[in-house]
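J.: sequence unavailable; structure follows:
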């Protein structure tokens, strides 16, 4: 028996167009099956093409005749009611966002077992730790490593720095640089040595993976600077960090600035960055970050990336081995400009 489609405002071609635009896979299959019906295919052929039996296809034809294209979307299923209602989920969201009070809750961070107890005490609902984890994912929470914050950090000052960054850049420009193309650079140093960091890696559940970790103290200083907009960098590996070494790095940055452009170099206020003996090249001006604000310097993210992906889990026998490792890691990052930009780009430095 042929199927009868009584809604004829959409042709078979139009139904296929709707299928291409459909976000729901099931709806797209049903639209294509109905298009075959309109084109004269048999019930068996149309049902097989749509991945269903003939009776199911008949049911979808009835739904289409009643509600059109929108009727081909799966209706919500009632299923089991959620364990927590909307108000309780909102309260759980606030609880996790604010974090625990160690004086009240006895912990400095939430674990699923702690939230399990809180849900029982607040809502009289018993959940397993796995169910608590699912609720946290529903609320868009995940486990992340925290960023260190100095106790004397001035968050208001940091926000003011970002908001007024364009004005700070303008004031830092010398007269001869006004009107020239402008580049924003960021600079920092990292100490890389034999006693370096470990990192996370994939391993069998329940195992305790081991990795080489030296206990000696030979080290080198990696001076690094990046320009996120151009996805370029300039680095030196030196045995010390002082004003003389900083002058060498400033000259290296100046050579990397695009011809005819002027660069503003953003850096922290450590002693050799503010020394009166610094002699920046003519195409370079310096801006100091607010105190205790490493999170405003994207080169900090570069160090984290290099340590985790290139410099950890190694034993360096000599100083030259450390220098080679630093050079190889830096050059590998510079050779991947998309990664460099992804790591170092900041929205607030674009307004300048």
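T.: Sure, I can see it. All values reported here derive from a predicted model rather than from experimental measurement.

J.: can you give me the strands for the protein?
T.: Taking DSSP state E as the test, the strands found in the chain are 182-193, 219-227, 232-238, 262-267, 284-288.

J.: minimum distance to residue 167: which of those strands has it?
T.: With CB to CB as the measure, strand 284-288 is the member of the strands of the chain nearest residue 167 (11.0 Å). Where C-beta positions appear, they are placed from N, C-alpha and C, glycine not excepted.

J.: residues in contact with the closest one?
T.: 168-169, 172-174, 177, 250, 253-254, 257, 262-269, 273-274, 278, 280 (CB atoms under 8 Å, 6 or more residues apart in numbering).

J.: could you pull out the buried residues of it?
T.: 284, 285, 286, 287, 288 (16 or more other CB atoms under 10 Å).

J.: how about stretch 188-198?
T.: Those would be 188, 189, 190, 192, 193, 194, 196, for stretch 188-198 by 16+ other CB under 10 Å.

J.: what about that stretch, start to end distance?
T.: 21 Å (CA to CA, to the nearest Å).

J.: now stretch 70-82
T.: Terminal-residue distance, stretch 70-82 (CA to CA): 27 Å.

J.: mean confidence for it?
T.: Averaging pLDDT along stretch 70-82 gives 83.

J.: ok, now stretch 326-335?
T.: Over the span of stretch 326-335, the pLDDT mean works out to 96.

J.: how about residue 262: which residues does it bridge to?
T.: With DSSP bridges applied, residue 262 shows beta-bridge pairing to residue 182.

J.: just use 21 as the starting number from now, easier for me
T.: Yep, numbering from 21; the last one is residue 282 now.

J.: and it, what pLDDT?
T.: pLDDT, residue 282: 96.

J.: contact partners for it?
T.: With CB under 8 Å, 6+ apart, residue 282 has these contacts: 193, 194, 197, 200, 201, 202, 203, 303, 304, 305.

J.: wait, which of the residues you listed is closest to residue 322?
T.: Once CB to CB is applied, the member of the contacts of residue 282 that ends up nearest residue 322 is residue 203, at 17.0 Å.

J.: can I get the buried residues of strand 304-308 in JSON lines with pLDDT and distance to residue 344?
T.: What follows is the buried residues of strand 304-308, written out as JSON lines (pLDDT from 0 to 100; distance: CB to CB, whole Å):
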{"residue": "304", "pLDDT": "97", "distance to residue 344": "28"}
{"residue": "305", "pLDDT": "96", "distance to residue 344": "33"}
{"residue": "306", "pLDDT": "96", "distance to residue 344": "30"}
{"residue": "307", "pLDDT": "95", "distance to residue 344": "33"}
{"residue": "308", "pLDDT": "95", "distance to residue 344": "32"}
